[in-house]
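K.L.:
Starting from these lines, generate the structure:
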Amino acid sequence: MIEPGEVKKYYRWNSGFRRGQVECYLAETETDVYFESGKSISKSAIDTEMTSVNESEYLQSNSQAQSQKTIEETYSLMMGESSPEIVPLAPAPLPKEKSPIRIILERQKKVERREIKISLEIDIPPVKVIDLLTTMFDEDEVYQEIVESSLNFSDSDLKEVVKNLAMKEIQRITKETE
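P.N.:
The predicted model follows:
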């Protein structure tokens, strides 16, 4: 992993469909080297598949790739291959850089499935209100409306609950093995 103040390393692919692409070093394991783009190569192949380059070549390569993409999009629009409604007016946001931890985790072949119990609080009216509603309306419709109105949490709320439970489960299983 690149430490603060350390000079970044850049490499150009010499062969294959990535030929000419320039990559910025991110991290390495015992067997592989990982790049900021999410691509990787085995350490044994890096000397034959890639050439070390300087930062200016990396920056030039990125600006050329961006220019080529803009030219291709403009040409497609002029040729009627896409409609103006789907052509972005502003540049797309840069993809979030993946951490070396995430890259290594995504490449794992063996994972264990764990079950976590989720407990959510929902708002349900008092039984007297439910009884009154079921005498006035169809019981199934009343129950359906109560359920729908009680689901007033957002996806981010639900994600936060799952995230906290997953964190507790990971901490629990790692403490069991100690």
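K.L.:
CA only for contacts and neighbour counts going forward, please
P.N.:
Will do.
K.L.:
element containing the spatially most distant residue from the centre of the chain?
P.N.:
Residue farthest from the centre of the chain, counting by Cα atoms, centre = their mean, is Thr135 at 49.5 Å. In this assignment (DSSP states H and E), Thr135 forms part of helix 127-136.
K.L.:
Show me which parts of that helix are buried, residue by residue.
P.N.:
Ile130 (16 or more other Cα atoms under 10 Å).
K.L.:
now swap in stretch 166-176 and tell me
P.N.:
Residues of stretch 166-176 classed as buried: Ala166 (neighbour count, 16+ other Cα under 10 Å).
K.L.:
Tell me which helix or strand comes right after the worst-scoring helix or strand of the chain on mean pLDDT.
P.N.:
The weakest-scoring helix or strand in the chain, judged by mean pLDDT, DSSP states H and E, is helix 55-78 (a mean of 63). The helix or strand immediately downstream of helix 55-78 is helix 100-106, counting by DSSP H and E.
K.L.:
Show me the contact partners of that following helix.
P.N.:
1, 26-27, 34, 38 (Cα atoms under 8 Å, 6 or more residues apart in numbering).
K.L.:
ok, which pair from the residues you listed is furthest apart?
P.N.:
Comparing every pair within these by Cα to Cα identifies Met1 and Gly38 as the most remote, at 13.9 Å.
K.L.:
partners of the lengthiest strand in the chain, with directions?
P.N.:
Using DSSP state E, we find that the single longest strand of the chain is strand 22-28. Counting by DSSP bridges, the strands paired with strand 22-28 are strand 10-13 (antiparallel), strand 32-35 (antiparallel).
K.L.:
could those go into CSV alongside mean neighbour count, mean pLDDT and distance to Val111?
P.N.:
Below are these laid out as CSV (neighbours: other Cα atoms under 10 Å; pLDDT from 0 to 100; distance: least, Cα to Cα, whole Å):
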stretch, mean neighbour count, mean pLDDT, distance to Val111
strand 10-13, 20, 82, 31
strand 32-35, 19, 82, 20
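K.L.:
Give me the three-state assignment for Thr51.
P.N.:
strand (DSSP: H, G, I helix; E, B strand; the rest coil).
K.L.:
If anything else comes up later, I'll come back, but that's it for now.
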